[in-house]
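Visitor: Just the structure for this:
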Amino acid sequence: MNERLPYGRQSLGPEETELVSEVLASDWLTQGPRVADFESALAAACDAPFAVAVSHGTAALYLACLAADLGPGDRFLTTPITFAATANAAVMCGATPVFVDIDPGSCNLDPKQVAAALAADPDIRVVLPVHLGGRVCDMERLAEVTERYRAVIIEDACHAIGGSWQCGSGDWHAVGSCSHAAMTCFSFHPVKSMTTGEGGAITTRDPAVAERLQRLRAHGVTRDPARLREQHGGWYYEMQDLGTNARLTDLQAVIGLVQLGRLPGWQRRRLELIQRYDRNLADIPQVIAQQRPAGEDRSCWHLMIVRAERRRELYDFLQAQGYGVQVHYIPVHLQPWYRDRFGTGPGDCSLAEDYYSRALSLPLFPAMTDEDCDRVCAAVREFYHG
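Guide: Numbering: from 1, shown residues only. As a prediction, the model looks like this:
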């Protein structure tokens with residue numbers, strides 16, 4: 001058996017350790033100055049005016065939905081091909097999900113089906129597109145459709161930080177710039193393209209939304225004298241929103257600062273590996289890679305997703321060979337809780353269900369060597385051709 005190769009792995013170095021040690025020796029482990037430093041750097045990297053750091057990606061999605069005033073009686077639209085957190089965050093606000101099928105090439109939300117769903121259902125207030133594996137959705141078309149029906153876009157970019165995409169005019173947009181969305185949400189879990197251990201963030205172009213998100217992550221509390229309704233003394237604060245504790249710590253923030261500096265290099269390396277996979281697997285007809293963007297590709301690929309014949313057998317074979325392959329994802333509308341609560345089930349999103357029956361994620365992380373990639377491809381070829 002080969003040395004085990006996971007499907008994803010964080011990359012950490014001595015600089016993170018040094019900065020964490022500095023924070024441990026300081027007066028602030030949380031609610032200190034390094035969180036603001038990280039937010040400023042993240043906003044600059046995403047070409048967004050505001051970034052609000054939070055405790056994890058799920059918190060980012062949940063607080064973004066709260067900031068969009070999503071609540072009971074409302075409906076939201078999303079893809080079934082995502083981790084449950086995307087839909088859960090909106091459901092926790094009291095809203096009801098509408099699952100729309102995917103485009104079979106990109107494996108992302110199909111804008112045509114989004115348009116049909118919005119036309120048929122005026123109660124859909126929020127659209128949650130997911131940039132699966134780092135492949136950015138067709139944001140231009142989604143923005144056009146949602147504007148027509150007055151729905152709000154909250155991007156789930158938990159897979160896509162560090163990437164950018166090109167619109168029809170030729171302009172490039174950084175993921176997180178919110179050029180075509182109200183808010184963009186990120187996750188910094190260790191298997192993502194950069195990490196803070198756990199952690200997440202929301203970017204926005206709206207100062208009022210950013211201010212509200214800052215309150216929501218801290219129990220809805222403010223000490224801002226300009227916002228207080230009463231004045232009792234220096235200790236006084238007011239809870240003006242129903243929020244939660246979703247703060248990022250200073251320990252995590254300094255890790256994120258280092259990781260942000262390395263992200264451009266990691267983005268290039270991930271793209272090199274994706275392109276190597278695509279070349280090596282091109283002559284295996286039983287394996288089809290996720291569709292790449294037309295023209296220049298500046299995605300930051302989080303996952304190497306393929307659709308493979310005899311997926312279950314291939315999964316078992318590669319696991320036995322020491323390759324930690326994974327499946328992303330089991331469609332959310334097929335999960336028991338959603339079936340029991342909302343009556344979803346097989347046949348609702350046939351293209352997503354077909355995708356799931358063949359989906360497999362091959363190892364992908366910046367520390368992988370070309371030889372590692374070649375070994376995985378050789379094992380796939382051996383499975384199909386002996």
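Visitor: mind checking how far the residue nearest to Val191 when sequence neighbours are not counted is from Val325?
Guide: Closest residue to Val191 apart from its sequence neighbours, by Cβ to Cβ, 6 or more residues apart in numbering: Gly8 at 3.5 Å. To be clear about C-beta, it is placed using only N, CA and C from the backbone, and glycine gets the same treatment. To Val325, Gly8 is 11 Å away according to Cβ to Cβ, to the nearest Å.
Visitor: Next, show the common contact partners of those two.
Guide: Here Gly8 and Val325 share the contacting residues Pro363, scored by Cβ atoms under 8 Å, 6 or more residues apart in numbering.
Visitor: between these two, who's got more neighbours?
Guide: Val325 (25 against 19; other Cβ atoms under 10 Å).
Visitor: What segments of the stretch 151-300 of the chain are strands?
Guide: 152-156, 164-166, 172-174, 183-187, 200-204, 221-222, 238-239, 287-289 (DSSP state E, counting those that start in this stretch).
Visitor: Which of the ones you listed sits closest to Leu248?
Guide: strand 200-204 (7.9 Å; Cβ to Cβ).
Visitor: now for the closest one, which elements pack on it?
Guide: Counting contacts by 3 or more Cβ pairs under 8 Å, 6 or more residues apart in numbering; DSSP states H and E, strand 200-204 is packed against helix 33-46, strand 50-54, helix 57-67, strand 183-187, helix 207-216.
Visitor: Next, the buried residues of it.
Guide: Gly200, Ala201, Ile202, Thr203, Thr204 (16 or more other Cβ atoms under 10 Å).
Visitor: same deal with stretch 271-288?
Guide: Within stretch 271-288, the residues that count as buried by 16+ other Cβ under 10 Å are Leu271, Leu273, Ile274, Arg276, Tyr277, Asn280, Leu281, Ile284, Gln286, Val287, Ile288.
Visitor: which residues touch it?
Guide: 289, 292, 297-301, 304, 306-310, 362, 364, 368, 370, 373-374, 376-377, 380-381, 384-385.
Visitor: 6 Å instead?
Guide: Contacts with stretch 271-288, where a contact means Cβ atoms under 6 Å, 6 or more residues apart in numbering, come from Ala289, Trp301, Met304, Val306, Arg307, Ala308, Glu309, Leu364, Met368, Cys373, Cys377, Tyr384.
Visitor: and of the buried residues of stretch 271-288, the nearest to Glu3?
Guide: Using Cβ to Cβ, Leu273 is the member of the buried residues of stretch 271-288 that lies nearest Glu3, at 17.4 Å.
Visitor: What separation do you get for that closest one and Val325?
Guide: According to Cβ to Cβ, Leu273 and Val325 sit 15 Å apart.
Visitor: what do you get for Gln31?
Guide: 40 Å.
Visitor: Which parts of the chain are helices?
Guide: Ranges of helices in the chain, per DSSP state H, are 14-24, 33-46, 57-67, 85-91, 111-120, 139-148, 207-216, 250-281, 311-320, 336-342, 350-358, 370-385.
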